[in-house]
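Student: any chance you could fold what I've pasted below:
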Amino acid sequence: MFIRRLVSSDASAFQSLRLEGLRLSASAFGSSYEEECDTPLSTIEARLAPDSGRNMFGAFDGAELVGIVGVGRETALKVRHKAYIRAMYVAQTHRGRGLGRLLMEHALAFAATMEGVQRMTISVTAGNAEAIGLHESLGFTEFGREPDSMIVDGEFYDEITMSRALTATPSAGTD
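Tutor: The predicted model follows:
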């Protein structure tokens, strides 16, 4: 397994894995399969381009993309010290191997290299004990909960927002 930044040529693999996540873990994402399934590949290529301002990383098992995580940053002057995780997903075929931890450690290490970033946030669906446990083990703590944040197939889901300082950031592992 290795982790690297995704580039435009990874667009097809990214889209396939992202759509898998939206189908199989619908309550884990604010977006939906229906909203993203018709996104042109050219749009995804542009989002993964080096000058896009997006930081998306992929975990690979050989040539196969099996996990993704995005790192964003607030842009307004007063909140530029905060970064956030988005679009975290590990293929079902590769769960239980510590890949989520490796992706998160990589994302945290990357965020720590962003000038002035001191805090990382992540949102997770309440009830997703596995994700919550992973984030807590990496030093994240809950600071907010939005009741009925999403409706998926007629069911309401709360969203938990977690945060941690970036001091003493874990190693990124592999590149």
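Student: low pLDDT regions in the chain?
Tutor: 168-175 (pLDDT under 70).
Student: swap the cut-off to 90 and go again
Tutor: Within the chain, the ranges that satisfy pLDDT under 90 run 1, 50-54, 75, 167-175.
Student: quick one, strands of it?
Tutor: In the chain, the segments counted as strands under DSSP state E are 2-5, 55-61, 64-73, 82-90, 119-125, 141-152, 155-165.
Student: report the contact partners of residue 26.
Tutor: Shown in contact with residue 26 (Cβ atoms under 8 Å, 6 or more residues apart in numbering): 32-33, 152-153. Where you see a C-beta, it was placed from the backbone N, CA and C, and this is true even at glycine.
Student: which of these sit farthest apart?
Tutor: Between any two of the contacts of residue 26, the greatest separation by Cβ to Cβ is 11.7 Å, found for 33 and 153.
Student: more neighbours, these two?
Tutor: Remark: of residue 33 and residue 153, residue 33 carries more neighbours, 15 against 6, as counted by other Cβ atoms under 10 Å.
Student: let's check: the centremost residue of the chain is which one?
Tutor: residue 88 (2.8 Å; Cα atoms, centre = their mean).
Student: mind checking how far that residue is from residue 146?
Tutor: Distance of residue 88 to residue 146, given as Cβ to Cβ, to the nearest Å: 18 Å.
Student: same deal with residue 51?
Tutor: Between residue 51 and residue 146 the computed distance is 33 Å (Cβ to Cβ).
Student: give me the more crowded residue out of the two.
Tutor: Taking other Cβ under 10 Å, residue 51 and residue 146 do not tie; residue 146 has more neighbours (13 against 6).
Student: check contacts around the more buried one.
Tutor: 158-159, 161.
Student: with residue 66 instead?
Tutor: Contacts of residue 66 by Cβ under 8 Å, 6+ apart are 1, 17, 59-60, 90-91, 93-94, 99.
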